[in-house]
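Asks: Attaching a predicted model along with its sequence, questions to come.
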Amino acid sequence: MTTIARVRAACYITRPAPNGQELLVFSYPAAPDAGTHLPGGGIEPGERPDAAAVREAIEETGIQGSLALHGVVGVQQTTYDTGTPCISVYFHLVTDEPRDTWRHTVIGDADAWDTGMETECRFLPLAQAAERLRSSWHHQEAYVNLLHTARS
């Protein structure tokens, strides 16, 4: 029996800073072992992948700045710990979010594992963000190096 892959949208949200671009990442204070994350989640039936990326960014981080789509930076095929296949489309979004750090309560589907959990959101320089993502799941750091050359 073939298992259909879950398709998800994830996003690298950057903003210009005096010393180069910064990347938005978040963690779950109540689940420190969960590591550092990029916004992302499942694409709903009939939903455009780029729209899903923006929706997930808002649901998981509560970002208030504008979000401009700057393209797709990668597509990744992995499997969850459960063995379920997963295809992630990584988008680059640019924001003018003025906050450096903030907390947000995740909104979204009632059956999602993180709905109602608090996230701690922060902007980090690209290299520091890549290092934190490297220690997390799904190789979310895979395309950070492409953001250096992406327009900001």
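Replies: In hand now; what should we look at?
Asks: Can you name every helix or strand that the helix or strand where Arg103 lies contacts?
Replies: Element membership of Arg103, judged by DSSP states H and E, is strand 101-105. Judged by 3 or more C-beta pairs under 8 Å, 6 or more residues apart in numbering; DSSP states H and E, strand 101-105 is in contact with strand 118-125. Placement of C-beta: from N, CA and C, glycine included.
Asks: related to what we said a few turns ago, kindly format the C-alpha coordinates of the strand holding Arg103 as CSV.
Replies: Output of strand 101-105 as CSV, limited to C-alpha atoms (Å, rounded to 0.1, in the frame of the first residue of the first chain):
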residue,chain,number,x,y,z
THR,A,101,11.2,39.3,19.8
TRP,A,102,7.6,38.5,20.9
ARG,A,103,5.3,35.7,22.1
HIS,A,104,2.3,34.5,20.3
THR,A,105,-0.4,31.8,20.9
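Asks: Give the partner strands of it in its sheet and their orientations.
Replies: Note on strand 101-105: by DSSP bridges, its sheet partners are strand 118-125 (antiparallel).
Asks: follow-up on the earlier one: sort out which residues of the strand holding Arg103 are buried, please.
Replies: His104 (16 or more other C-beta atoms under 10 Å).
Asks: Outside of it itself, list whatever touches it.
Replies: With C-beta atoms under 8 Å, 6 or more residues apart in numbering as the test, strand 101-105 has contacts from 26, 29, 60-62, 116-123.
Asks: repeat for stretch 26-39
Replies: 10-13, 24-25, 53, 56-57, 59-61, 90, 103-104, 114, 117-122, 129, 132-133, 135-137, 140.
Asks: just the buried members of these?
Replies: 10-13, 24-25, 53, 56-57, 59-61, 90, 104, 114, 117, 119-122, 129, 132-133, 136, 140.
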